[in-house]
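1. Whatever this is, show me its structure:
(one chain, ligands or ions: 1)
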Amino acid sequence: MLEVDEILVNGTTLRVLVDPEPERADRPALWPSIGEYPIYDPFLYTTMTTDEERNQRFRAALAQLAPDKRVLDIGTGQDLIWARESLRAGARQVLAVEVIEESFRTAAANLPAYGLDDRVTLLRGESTSVEFAPHADVCVAEIIGSLAGAEGAAVVLDDAKRRHLAPSGVVVPHRAVTQAAAVGLADLFGQQPLAFSASSLKYLQDIFNWNGAPFDVRLRIENASPSALLSESGTVEELDFNGTLHTSQRHSTRLTITRAGRMDGVLTWLQLWCLPKEEPLDALRMKTNWASIYFPLFKTPVSVSPGDILDLSLATVVSDDGVRPDYQLSAALRTTDGQEFAGSVDSPHHGGPFRAHPIYQQLFPAD
Ligand SMILES: C[S@@+](CC[C@H](N)C(=O)[O-])C[C@H]1O[C@@H](n2cnc3c(N)ncnc32)[C@H](O)[C@@H]1O
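-> Numbers count the residues shown, from 1 in each chain. The predicted structure is shown next:
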């Protein structure tokens, strides 16, 4: 069943297609991608602080790296989770930075209750604009997106390494990559309607109002099944936080179609290492607060068969906010019977076209 609901954007109502069914762990759900916008609220912070698949990796890295060290926690959030964990692991001092005013205030109000006010210094601001001394030995920054770099981790951590960290300093997490594979929306959603989850409407409205107008937001799919993949997967974005960090990059990968189906886009998802030698968190195959992002490539689905080849290229370019990237995806599909199909999509961090692709025309029905 589908409903058309309304949200208020800049004083104007906007119609949105909504799936009123409650979300369940075994059911895909469509949301806008949210982590790259300053709209965090207690609900979103709780989805992170209760994400054990994520938390155990950050805890293990801090247990190894933080003892006796000065730690910088970038994006500490309302709960100061990694500042507290660093001190528990034996850090000497923590400097915690948070850019969202309300999250900063909640964190500041909580500090005395945690009994840490003498060992944590809390700063309000974006880490790229704050100054402090002396330099930190360890920087922990959970500013990783469902598309690994979407929250600006490359620019922020490149800046932190140059201005805030000692030359021998280390960053947690260690590495993040974005994986991609061919998919069809019909496979991803099965019998379910393609519509935004009712719970996501508040965030859709917040993102559009923050931007000042609607635009074609990245489509986040909760509980996507790996069985929907039509091809092998490949890396399309790579962030090596303790190595050479590229703030702009282009990754090309050749993917072989592995099963017959109808393809209209690609699914991307995060793999994350907090320490170099560990099994990475895989957001498609593990239960975690990160989800997959679907990019539409073709206006109508294309039949694919095993052995067809998809050449995929993702360009990551810093947007005009100087921190968070715009993404450009392009693809060429060659079928074994000699047909060729080209597709591309621009996914700016903010702004850009609205209802450019049929999927957005469907999700945001005109009056
Ligand atoms: C994904 S949340 C993580 C919150 C918390 N650290 C956790 O792991 O549960 C990212 C947080 O970082 C903040 N943030 C992102 N980039 C920042 C920056 N450059 N400087 C300060 N805060 C930042 C956001 O406002 C948000 O509160």
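
2. Kindly report the residues of the stretch 101-250 of the chain close to the ligand.
-> Ser103, Glu126, Ser127, Thr128, Glu142, Ile143, Glu151, Val156 (Cβ under 6 Å from any ligand atom). Every C-beta, even on glycine, is put in place using the N, C-alpha and C of the backbone.

3. Between the residues you listed, which sits nearest Leu275?
-> Glu142 (14.4 Å; Cβ to Cβ).

4. Next one, pLDDT for that closest one please.
-> Each residue has a pLDDT score; the one for Glu142 is 98.

5. Report the contact partners of Ala136.
-> Neighbouring residues of Ala136 by Cβ atoms under 8 Å, 6 or more residues apart in numbering: Lys69, Arg70, Val71, Leu72, Leu95, His164, Leu165, Ala166, Gly169.

6. Compare the residues of the stretch 101-250 of the chain next to the ligand and tell me which has the most neighbours.
-> Ser127 (26 neighbours; other Cβ atoms under 10 Å).

7. can you tell me the residue of the stretch 201-350 of the chain closest to the ligand?
-> Here the stretch 201-350 of the chain gets closest to the ligand at one residue, Val323, 6.9 Å apart by Cβ to the nearest ligand atom.

8. ok, Ala186 to the ligand distance?
-> Note on Ala186: its distance to the ligand, by Cβ to the nearest ligand atom, to the nearest Å, is 32 Å.

9. Excluding sequence neighbours, find me the nearest residue to the one residue in the chain that gets nearest to the ligand.
-> The chain approaches the ligand most closely through Gly75 (2.1 Å), counting by Cβ to the nearest ligand atom. Spatially, and ignoring its direct neighbours in sequence, Gly75 is nearest to Ile143 (4.7 Å; Cβ to Cβ, 6 or more residues apart in numbering).

10. try Gly35
-> Gly145 (4.8 Å).

11. where's the one you found, which helix or strand?
-> If you go by DSSP states H and E, Gly145 is not part of any helix or strand.

12. Over to it: give its phi and psi.
-> Gly145 has phi and psi values of phi -100, psi 170 when expressed as degrees, to the nearest 10.

13. Would you confirm that Phe354 contacts Ala366?
-> No. At 11.0 Å, Phe354 and Ala366 do not qualify as touching, with contact defined as Cβ atoms under 8 Å.

14. Of those two, give the one with the bigger neighbour count.
-> Taking neighbours as other Cβ under 10 Å, Phe354 and Ala366 compare with Phe354 leading, 15 against 6.
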